[in-house]
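**Q** Fold the following, please.
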Amino acid sequence: MGRWRDRDYWDYYEPSIPRRVEGGIKTRSERGEIGETWWSKRWIKVLESFSMGTRLTRGRSYARQGQVVSIDVEPGIVKAKVQGSQPRPYNVKIRLEPLTDEDWDKVTGAMASQAIFAAKLLAGEMPQNIEEAFASVDISLFPTALSELHTDCSCPDWANPCKHIAAVYYLLAERFDEDPFLIFKLRGRTKEQIIAVLREKRAATSPMGDISSSVDAVSAEEENLLSLEEHLDTFWRADEALESFTVNLSAPTIDKAVLKRLGDAPFTVGNTNIVSLLAKAYDKVDAAVSKKMVEGA
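**A** This is a model prediction of the structure:
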């Protein structure tokens, strides 16, 4: 029977040879570091900073051998099955303390206040320096101590972590490569929840000013405009203001941000979603404009 391991315990347990697993989940990395993106590398770095000894090394071997049978990430908890030396796989649970509603309100407020954070997150991308948003309100995205990771394994080894738990740690890192928003999920919020809150906060803080006064100002400007008949003689001539008009063409901060925010369209052309076709069209237009800019330089 498993027990929650909320403390460091390094009692020696006799090593055993695990049973081979057919179709087990293996790490993509066969040697060297595990994790390709900054958030997965950050996760591993945090774990290694807790001085877990050789347990992490043995867990990494388990992860590379494919001893993990299944892994499921739910809000605040990871559940997995890891095959050891016994006939039945061991049940592993890793729980990361979820942030409170108040903490999440502070964090999303910090995210919404930074245009680049909000833009990338709303486009479904994880900003590389997202930890800055958490740090600005004195909250940590990743665990800062081993005690924040509550773990349980049904194996007889009392060490924290045992090699089965450590194997799940490494596979979780590669899951972060695939979906960096899983770290938010472990802290209690899904990607969809965060995006919805960001949209609300950005809308509430949008610098639109007093709408009624803006409408009055536009109406006043329209009253001073000349009629089309009064412009007939100069209709085809360039106004003096055109000489000072400039166009600044530059690459967007986020590639195809609008399409990413919209997601798949409700219809297809053949078997291809229209959004995929639009993305290709955007690329061609972008290439054509870039070529024109170079030729005109």
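
**Q** Tally up the residues packed near Val137, please.
**A** Residues lying near Val137 (other C-beta atoms under 10 Å) number 14. No exception for glycine: its C-beta is placed from N, CA and C like everyone else's.

**Q** May I ask you to confirm that it is in contact with Val107?
**A** Yes: between Val137 and Val107 a contact is recorded at 6.1 Å, counting by C-beta atoms under 8 Å.

**Q** From Tyr62, how far out is the residue nearest to Pro87 when sequence neighbours are not counted?
**A** Using C-beta to C-beta, 6 or more residues apart in numbering and skipping residues adjacent in sequence, the residue nearest Pro87 is Arg19, 7.4 Å away. Counting by C-beta to C-beta, to the nearest Å, the gap from Arg19 to Tyr62 is 12 Å.

**Q** So between these two, which is more surrounded?
**A** Neighbours of Arg19 and Tyr62, each counted by other C-beta under 10 Å, are more numerous for Tyr62; the result is 27 against 13.

**Q** for the more buried one, helix, strand, or coil?
**A** Per DSSP: H, G, I helix; E, B strand; the rest coil, the secondary structure class of Tyr62 is helix.

**Q** With Asn160 instead?
**A** When classified by three-state DSSP, Asn160 comes out as coil.

**Q** That one - how many residues pack around it?
**A** When counting by other C-beta under 10 Å, one arrives at 25 neighbours for Asn160.

**Q** And Asp101, by the same measure?
**A** Tallying neighbours of Asp101 according to other C-beta under 10 Å, which is how burial is gauged here, yields 10.

**Q** Any regions of the stretch 151-297 of the chain where pLDDT drops low?
**A** 205-226, 240-254, 257-258, 260-263, 293-294, 296-297 (pLDDT under 70).
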